[in-house]
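J.: Give the three-dimensional model of this entry:
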Amino acid sequence: MSSFTSLPKPAVVIIGAGTFGLSTAYHLLERGYTQVTVLDRAEHLPAVDAASTDMNKVVRSCYGDPEYTRLARQAIEEWRKDMWQNCYHECGVLNLGDAYTEQSINNDLKHGANVERLSNTASIRAQFPLDLHDSGKLGTFASLDIASTGYINHDGGWAEAERAVSLLMEHVKKRGVKVLPGKPVQELVKDEHGQTKGVRCADGSEYEADVVVLALGSWTASAFPSLKLTGKCLATGQSIATIQLTPEEAEEYRKSPVVIDFRTGFYVFPPTHRNVVKLAIHAAGYTYTIPGSTISTPRTIVSHPDNGLWIPRSVLRELKVQLRNVYPALAEKPFSGTRMCWYTDSPDGDWVIGRYPGDPGLVLATSGSGHAFKFLPTIGSLVADVIEDKLDPKLAARFAVDRQVKPPNGERVSVVSQELNIDELCGPEDLIPTF
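T.: Numbering: from 1, shown residues only. As a prediction, this is how the structure comes out:
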């Protein structure tokens, strides 16, 4: 296929107004594209049940893979710019773990990150405010093996996810991108050669395009079953819980780093400006298969308003156990809420960014695999490179839809998802601690 760079800029329709979709729209604008339309199924944007519409997300370059470290370092530089209006909070990321963490520190060092190796529990505890030490509200980290690797990366922290997505959406809209909510796409429109030339929405409206970008996140496989993407784009529910603090309590913890324990997958944030602490476990998660289907489909507050936010009781209990290791006083407080956050996972943890085989008019930008949001400022440049046929060949092969899948990248403590058991979901009564 001839490169678009020597031709007038093509018309692009992007399906999905989340991390991949809006970042792609932004980078196409930066390259002079004037015919960019973003369609989203949600009636109101940002979509309340999208993974990117969360209170916060970790921003880190701590990867066991040097390529992701390099890309993350680029993203962090962008997060620091005025465009993001202080959405990014560089509090540092405390990494605890084993061999994966050792690879991460080596990659961070090679790419010039401001990191500090922590050789014992005293040095780990020293990364937290002194008031937490004095009040007995900080864990001893006694469960750490002396041989375990730990380090603090000062070039990292967290971003206000929903606000960042909203900022980027308003930015591209002001520059001429049409962002249209309430437009669930029903089918791809093909030409006589079977090539994608546009989309048809559920309301009957059609949008022609030279390129259609599928950036639907966890709805990718279920929205387009004919593409047979289950083996590349698996929707998995990830369990999150929150704790509401008083303003006085929040001040005690506010200057803490993000904590990630790669041995267990547990991670916890400092309090937000609303004094909320979020905690979760980075694992394989849960699938949800609708009767009569074989494709995992997100089960959210929109599809199931009564219990779409609830997570399994077993995970809630594990979150409490892991929290006690870091912040024992918080582990005695009730949870203020839970959320099943739906990711799109690839089998090897790499993103899916590339043309759909045999259809040059269709580009996939999905399978964030739990680590795409931090690249919101930059990930769209990779998609734009695909559209312009100039993505680095090594990255193109790595992110290709039809690539040969590698073994999992080692980030998660488990890589095999399990089907969600609705009877095991927690309820309001489970949020209260028992003594």
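
J.: use CA for all of it now, contacts and neighbours both
T.: Noted.

J.: Then Val213 would be within a helix, right?
T.: No. Going by DSSP: H, G, I helix; E, B strand; the rest coil, the assignment for Val213 is strand, not a helix.

J.: Now do the contacts for it.
T.: Contacts for Val213 (CA atoms under 8 Å, 6 or more residues apart in numbering) come out as 12-15, 21, 362-365.

J.: same thing but 6 Å
T.: Val213 makes contact with 14, 363-364 under the criterion CA atoms under 6 Å, 6 or more residues apart in numbering.

J.: Where neighbours are concerned, which of those residues has the most?
T.: Using other CA atoms under 10 Å as the neighbour test, the contacts of Val213 are led by Ile14, with 27 neighbours.

J.: got a list of what that one touches?
T.: Contacts of Ile14 by CA under 6 Å, 6+ apart are 38, 212-213.

J.: can you list those in a markdown table and add pLDDT and distance to Val259?
T.: Converted to a markdown table, those look like this (pLDDT from 0 to 100; distance: CA to CA, whole Å):
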| residue | pLDDT | distance to Val259 |
| --- | --- | --- |
| Val38 | 98 | 35 |
| Val212 | 98 | 39 |
| Val213 | 98 | 35 |
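
J.: Pairing partners for the nearest residue to Gly194 once chain neighbours are set aside in the sheet, please.
T.: Excluding the flanking residues, the one nearest Gly194 by CA to CA, 6 or more residues apart in numbering is Asp359, at 7.6 Å. Beta-bridge pairing for Asp359 (DSSP bridges): Tyr356.

J.: What is the burial count for Asp359?
T.: Neighbours around Asp359, by other CA under 10 Å: 15.

J.: which SSE is Leu279 in?
T.: Secondary structure assigned from DSSP states H and E places Leu279 in strand 276-281.

J.: Looking at that strand now, give me its mean pLDDT.
T.: In this model, strand 276-281 has an average pLDDT of 97.

J.: Show me what it is in contact with.
T.: 240-245, 265-269, 271.

J.: Just the closest of those to Tyr26, please.
T.: Each of these was checked against Tyr26 using CA to CA; the closest is Phe269, at 28.3 Å.

J.: and that closest one, how many residues sit next to it?
T.: Residues contacting Phe269 under the criterion other CA under 10 Å number 25.

J.: for Arg254, same thing?
T.: Burial of Arg254 is recorded as 18 neighbouring residues (other CA under 10 Å).

J.: all helices for the protein, in order.
T.: In the chain, the helices defined using DSSP state H lie at 19-30, 66-79, 99-110, 121-125, 130-134, 161-174, 220-223, 247-253, 313-326, 379-387, 393-399.

J.: now could you export just the CA positions of stretch 259-266 as PDB?
T.: Extracted C-alpha coordinates of stretch 259-266, given in PDB (Å, rounded to 0.1, in the frame of the first residue of the first chain):
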ATOM      1  CA  VAL A 259       3.400   1.600  46.100                       C
ATOM      2  CA  ILE A 260       3.500  -1.400  43.700                       C
ATOM      3  CA  ASP A 261       4.300  -4.900  44.900                       C
ATOM      4  CA  PHE A 262       5.100  -7.100  41.900                       C
ATOM      5  CA  ARG A 263       5.200 -10.200  44.100                       C
ATOM      6  CA  THR A 264       1.400  -9.900  44.800                       C
ATOM      7  CA  GLY A 265       0.200  -7.400  42.200                       C
ATOM      8  CA  PHE A 266      -1.000  -5.100  44.900                       C
END
